[in-house]
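[1] Show me the folded form of this:
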Amino acid sequence: VQLVESGGGLVQAGGSLRLSCGGSIRTYIVGWFRQAPGKEREFVAAISRSGGTTYFADSVEDRFTISRDNAKNTVYLQMNNLKSEDTAVYYCAGREGQITTDIYYTPGYSCWGQGTQVTVSS
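    Residues are numbered from 1 along each chain as shown. Now for the predicted structure:
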């Protein structure tokens, strides 16, 4: 399935952005990952198919929320109180399997979007 991210941009530290991930994702577990220059892609958040269960990296747990609207085939990542260290390209990804610890790692997902840049200025 093809995924498309949107909503990235430039924001000052302390600001907010909402990223969207669109595509035929209704039957997928969806995760968000990010990759900063010179660093590996890292897990940010994930959401179950129903939207009833969510997972977060420790670094964002009290600032980011993830939600989905299956009627619109869209998953959202609301990012509040952004910090300079949140600067990265953000990717959404779809997983066909069950919820396991694989959701925290890139090989656990079978389809990816092209990414959207988030830049936080301090």
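[2] contacts, neighbours, all on C-alpha from now
    Fine.
[3] quick one: the residue nearest the centre of the chain from residue 56, how far?
    Ranked by distance to the mean C-alpha position of the chain (C-alpha atoms, centre = their mean), the top residue is residue 32 at 2.2 Å. According to C-alpha to C-alpha, to the nearest Å, residue 32 stands 9 Å off from residue 56.
[4] what's the overlap in contacts for these two?
    Listed as contacting both residue 32 and residue 56 by C-alpha atoms under 8 Å, 6 or more residues apart in numbering are 43, 44, 45, 46.
[5] Relative to whichever strand or helix holds residue 92, what are the paired strands and their orientations?
    Following DSSP states H and E, one finds residue 92 within strand 88-95. Paired strands of strand 88-95, with direction, are strand 29-35 (antiparallel), strand 111-112 (antiparallel), strand 116-121 (antiparallel) (DSSP bridges).
[6] chain center to the first one: distance?
    Think strand 29-35. 4 Å (C-alpha atoms, centre = their mean, to the nearest Å).
[7] so after that strand, what's the next helix or strand?
    Heading C-terminal from strand 29-35 (DSSP H and E), you reach strand 42-47.
[8] Buried residues in stretch 101-121, which are they?
    For stretch 101-121, the neighbour count (16 or more other C-alpha atoms under 10 Å) marks 103-104, 106, 108-109, 111-113, 115-121 as buried.
[9] Give me the angle between the strand holding residue 92 and strand 42-47.
    Angle between the axes of strand 88-95 and strand 42-47 is 50 degrees (criterion: axes from the mean of the first three to the mean of the last three C-alpha atoms, to 10 degrees).
[10] Show me the contact partners of strand 88-95.
    For strand 88-95, contacts defined as C-alpha under 8 Å, 6+ apart pick out 3-5, 21, 25, 28-37, 103, 108-119.
[11] Can you give the distance of it from its chain's centre?
    5 Å.
[12] Mind exporting the C-alpha coordinates of it to PDB?
    What follows is strand 88-95, C-alpha atoms only, in PDB (Å, rounded to 0.1, in the frame of the first residue of the first chain):
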ATOM      1  CA  ALA A  88      14.200  15.000  11.500                       C
ATOM      2  CA  VAL A  89      12.400  13.500   8.500                       C
ATOM      3  CA  TYR A  90       9.300  11.800   9.800                       C
ATOM      4  CA  TYR A  91       8.000   8.600   8.100                       C
ATOM      5  CA  CYS A  92       4.800   6.600   8.600                       C
ATOM      6  CA  ALA A  93       4.800   2.900   8.000                       C
ATOM      7  CA  GLY A  94       2.200   0.100   7.900                       C
ATOM      8  CA  ARG A  95       2.400  -3.300   9.500                       C
END
